[in-house]
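In: Here's a sequence, model it:
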Amino acid sequence: MERRRKQAAQGKETGRKPLLLAGIFLFLVVPVACARSETAPPPRPMDAGQVAGSAARASTLDGPYRLVFEWTLNEPGTRLSGRGVARVEPPSRARLDLFMGNGERVAAAALVRDDLTTPRDMRAGLPPAPLLWGALGIFRPGDNAGLRGGSWQSNGGAELRYFYEGSDELRYGLRNNRIERMEVFRGNRASEEVQLVRVDDERFPREATYRHLGEVRELRITLETVEHVESYPSDIWNLDF
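Out: This next block holds a predicted model:
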């Protein structure tokens, strides 16, 4: 009988050990987890106006340039390609001309500040002015775009949001004060976007891809050469023909 009592007592003691160990584990772990959650750093505040100013200064042109590039246009039932020329001049003038392989010009556009002009029937799916400036790596939301706010991203970059054409929103994705992407949101959906491929210490993007998501259209520009040139004659910014 005495042996049975000892065996029962030992069984109870053995059963208590896992419960005792589990209790010690919870006692040690739970406070640590709580401490970690309590000490998590709050989101870093952003001065969106300061970030926007830095991005604008970083993309300011230091003189006239001539860019030669290859381009491809894809849309339902159509695929075109060729070469093009972009001429840019400070403070805010640019002109793009797209040519087919046979030298025929199929699209042209001139930008003077926020005014985009194109010849009749020669637009060929070019983006609106802010996105066209962005495709050249130039941060210019436009005088009518109001800064709505911004935030730091988990990848170390920044996002700026602008009121754009009434209820729409224009978003910039920046890294080191340089544009990496742009999006136009209509409602809760992105309708247009520009994605850039950048190389450190190069002023202009190596590649710019514009997509109109609603019309399933894509225009891709791949940079070939960059040349620092003299001032352009003023009549090249006039496309009234």
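In: quick one: low-confidence ranges for this protein?
Out: Along the chain, segments meeting pLDDT under 70 span 1-43, 121-124, 240-241.
In: domains of it?
Out: Following automatic domain parsing, one gets these domains for the chain: 1-40, 48-237.
In: so the residue nearest in space to the middle of the chain is in which element?
Out: Computing the C-alpha centroid of the chain and ranking residues by CA atoms, centre = their mean puts Arg181 first, at 1.7 Å. Using DSSP states H and E, Arg181 falls within strand 178-186.
In: now Ala52
Out: Using DSSP H and E, Ala52 sits within helix 48-58.
In: Would you indicate which residues of that helix are buried?
Out: Neighbour-count burial for helix 48-58 flags 48, 51-52, 54-55, 58 (criterion: 16 or more other CB atoms under 10 Å). Glycine gets a C-beta too; all of them are placed from N, C-alpha and C.
In: Nearest to Tyr164 among the residues you listed?
Out: Closest approach between the buried residues of helix 48-58 and Tyr164, by CB to CB: Ala52, at 13.9 Å.
In: Would you check that the closest one makes contact with Gly149?
Out: No - at 10.6 Å, Ala52 does not count as touching Gly149 under the criterion of CB atoms under 8 Å.
In: Pull up the overlap in contacts between the two.
Out: Residues touching both Ala52 and Gly149 (CB atoms under 8 Å, 6 or more residues apart in numbering): Leu160.
In: how about the helices in this structure?
Out: Using DSSP state H, the helices assigned to the chain run over residues 2-38, 48-58, 129-135.
In: Can you name the residues in contact with the last one?
Out: Yep, that's helix 129-135 we're talking about. Residues contacting helix 129-135 (CB under 8 Å, 6+ apart): 94, 96, 109, 111, 114-116, 126-127, 139-142, 145, 164, 170, 172, 179, 182, 184, 192, 194, 196, 205, 208, 210, 221.
In: Recalculate using a threshold of 7 Å.
Out: With contacts defined as CB atoms under 7 Å, 6 or more residues apart in numbering, helix 129-135 is touched by 109, 111, 114, 116, 126-127, 140-142, 145, 170, 179, 182, 192, 194, 208, 210, 221.
In: May I have it as PDB, with CA atoms only?
Out: Output of helix 129-135 as PDB, limited to C-alpha atoms (Å, rounded to 0.1, in the frame of the first residue of the first chain):
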ATOM      1  CA  ALA A 129       2.400  66.900 -69.500                       C
ATOM      2  CA  PRO A 130       3.400  65.900 -65.900                       C
ATOM      3  CA  LEU A 131       4.000  62.300 -66.900                       C
ATOM      4  CA  LEU A 132       5.900  63.400 -70.100                       C
ATOM      5  CA  TRP A 133       8.100  65.500 -67.900                       C
ATOM      6  CA  GLY A 134       8.500  62.600 -65.600                       C
ATOM      7  CA  ALA A 135       9.500  60.300 -68.400                       C
END
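In: returning to that earlier point: right, so the domains of the chain: which one is the most enclosed?
Out: Most buried of those by mean neighbour count (mean count of other CB atoms under 10 Å) is domain 48-237; its value is a mean of 16.
In: now do the same end-to-end measure for that domain.
Out: From its first residue to its last, domain 48-237 covers 33 Å (CA to CA, to the nearest Å).
In: quick one, what contacts Ala52?
Out: 147, 160.
In: any idea how far it lies from Arg206?
Out: Counting by CB to CB, to the nearest Å, the gap from Ala52 to Arg206 is 24 Å.
In: go on, Asp114?
Out: Separation of Asp114 from Arg206 (CB to CB) stands at 26 Å.
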